[in-house]
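Engineer: Any chance you could fold what I've pasted below:
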Amino acid sequence: DLSLIKLPRPLGLLKVSVKSAKGLRAADINLIGKNSSDPYVVVSAAGEKFSTSVIKKTVDPVWPQNECGYLMVFDPDQKIYMSVMDWDRL
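Structural biologist: Model prediction:
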(Lines give C-alpha, C1' and ligand atoms only; values in the text may rest on other atoms or scores of the structure.)
Protein backbone atom coordinates (compact mmCIF):
# COMPACT_ATOMS: atom_id res chain seq x y z
CA ASP A 1 0.00 0.00 0.00
CA LEU A 2 1.48 3.36 -1.08
CA SER A 3 0.16 5.17 2.02
CA LEU A 4 2.37 3.02 4.28
CA ILE A 5 5.48 4.07 2.35
CA LYS A 6 4.71 7.77 2.78
CA LEU A 7 3.29 7.53 6.29
CA PRO A 8 4.48 4.44 8.16
CA ARG A 9 2.36 3.26 11.06
CA PRO A 10 3.87 4.45 14.38
CA LEU A 11 5.02 1.92 16.96
CA GLY A 12 3.73 4.11 19.73
CA LEU A 13 3.55 7.50 21.33
CA LEU A 14 6.28 8.95 23.54
CA LYS A 15 5.15 11.24 26.35
CA VAL A 16 7.76 13.95 26.95
CA SER A 17 7.96 16.14 30.02
CA VAL A 18 10.86 18.41 30.97
CA LYS A 19 11.39 18.82 34.70
CA SER A 20 14.15 21.36 35.24
CA ALA A 21 17.62 22.64 34.40
CA LYS A 22 20.37 24.13 36.56
CA GLY A 23 23.17 26.55 35.89
CA LEU A 24 22.24 27.52 32.33
CA ARG A 25 24.38 30.12 30.63
CA ALA A 26 22.89 33.59 31.06
CA ALA A 27 21.81 34.94 27.67
CA ASP A 28 20.41 38.24 28.99
CA ILE A 29 22.92 40.71 30.39
CA ASN A 30 21.41 43.02 33.03
CA LEU A 31 23.10 46.22 34.18
CA ILE A 32 21.31 46.02 37.54
CA GLY A 33 20.88 42.63 39.20
CA LYS A 34 21.94 39.17 38.10
CA ASN A 35 22.29 38.12 34.49
CA SER A 36 19.55 35.72 33.49
CA SER A 37 17.90 33.88 30.65
CA ASP A 38 14.38 33.11 29.43
CA PRO A 39 14.76 29.38 28.71
CA TYR A 40 12.49 26.95 26.97
CA VAL A 41 13.16 23.46 25.60
CA VAL A 42 12.47 22.11 22.12
CA VAL A 43 12.23 18.32 21.84
CA SER A 44 12.07 16.82 18.35
CA ALA A 45 11.90 13.41 16.73
CA ALA A 46 10.92 12.18 13.27
CA GLY A 47 10.00 15.66 12.05
CA GLU A 48 7.72 16.44 15.00
CA LYS A 49 8.43 19.04 17.70
CA PHE A 50 7.29 19.83 21.20
CA SER A 51 8.22 23.11 22.91
CA THR A 52 7.90 23.86 26.61
CA SER A 53 6.67 27.13 27.98
CA VAL A 54 9.18 29.94 28.53
CA ILE A 55 10.37 30.39 32.11
CA LYS A 56 11.32 34.06 32.44
CA LYS A 57 14.47 35.52 34.03
CA THR A 58 16.21 32.46 35.43
CA VAL A 59 19.19 30.20 34.83
CA ASP A 60 17.62 27.46 36.99
CA PRO A 61 14.20 26.89 35.39
CA VAL A 62 11.55 24.49 36.67
CA TRP A 63 8.71 23.67 34.28
CA PRO A 64 5.13 22.95 35.40
CA GLN A 65 4.56 19.32 36.35
CA ASN A 66 1.52 18.94 34.12
CA GLU A 67 3.24 20.30 30.98
CA CYS A 68 3.97 17.55 28.48
CA GLY A 69 4.04 16.79 24.79
CA TYR A 70 3.68 13.68 22.67
CA LEU A 71 5.90 12.48 19.82
CA MET A 72 5.23 9.52 17.54
CA VAL A 73 7.78 6.71 17.56
CA PHE A 74 8.37 4.91 14.27
CA ASP A 75 11.56 2.99 15.11
CA PRO A 76 12.92 1.60 18.41
CA ASP A 77 16.27 3.25 17.60
CA GLN A 78 14.73 6.60 16.68
CA LYS A 79 16.79 9.57 17.82
CA ILE A 80 15.32 12.28 20.01
CA TYR A 81 16.87 15.75 20.05
CA MET A 82 16.59 18.32 22.84
CA SER A 83 17.69 21.94 22.66
CA VAL A 84 17.55 24.55 25.40
CA MET A 85 16.83 27.93 23.84
CA ASP A 86 16.52 31.50 25.07
CA TRP A 87 13.24 33.22 24.19
CA ASP A 88 14.88 36.63 23.50
CA ARG A 89 17.41 35.08 21.09
CA LEU A 90 15.02 33.88 18.39
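
Engineer: Which parts of the protein are strands?
Structural biologist: Assigned by DSSP state E, the chain shows strands spanning 12-16, 39-45, 48-51, 69-73, 81-86.

Engineer: Point out the most buried one among those strands.
Structural biologist: Mean neighbour counts were compared across the strands of the chain using mean count of other Cβ atoms under 10 Å; the top stretch is strand 39-45, at a mean of 19. Placement of C-beta: from N, CA and C, glycine included.

Engineer: Identify whichever of the strands of the chain lies nearest to V62.
Structural biologist: For V62, the closest of these is strand 39-45, at 10.6 Å, according to Cβ to Cβ.

Engineer: who touches the most centrally placed residue in the chain in this structure?
Structural biologist: In the chain, the residue lying closest to the centroid (Cα atoms, centre = their mean) is V42, at 2.5 Å. The contact partners of V42, by Cβ atoms under 8 Å, 6 or more residues apart in numbering, come to K49, F50, S51, T52, M82, S83, M85.

Engineer: before we move on, the earlier item: with distance to A27 and mean pLDDT added, can I get the strands of the chain in CSV?
Structural biologist: Below are the strands of the chain laid out as CSV (distance: least, Cβ to Cβ, whole Å; pLDDT from 0 to 100):
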stretch, distance to A27, mean pLDDT
strand 12-16, 23, 94
strand 39-45, 8, 96
strand 48-51, 17, 95
strand 69-73, 23, 94
strand 81-86, 4, 96
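
Engineer: Out of these, the one nearest N30 is which?
Structural biologist: Proximity to N30, assessed across those by Cβ to Cβ, is greatest for strand 81-86 (13.6 Å).

Engineer: which residues sit in contact with K79?
Structural biologist: Shown in contact with K79 (Cβ under 8 Å, 6+ apart): A45.

Engineer: start the count at 41, not 1, going forward
Structural biologist: Okay, using 41 as the starting number, the last item reads as K119.

Engineer: And it, what's its pLDDT?
Structural biologist: Looking at K119, its pLDDT is 95.
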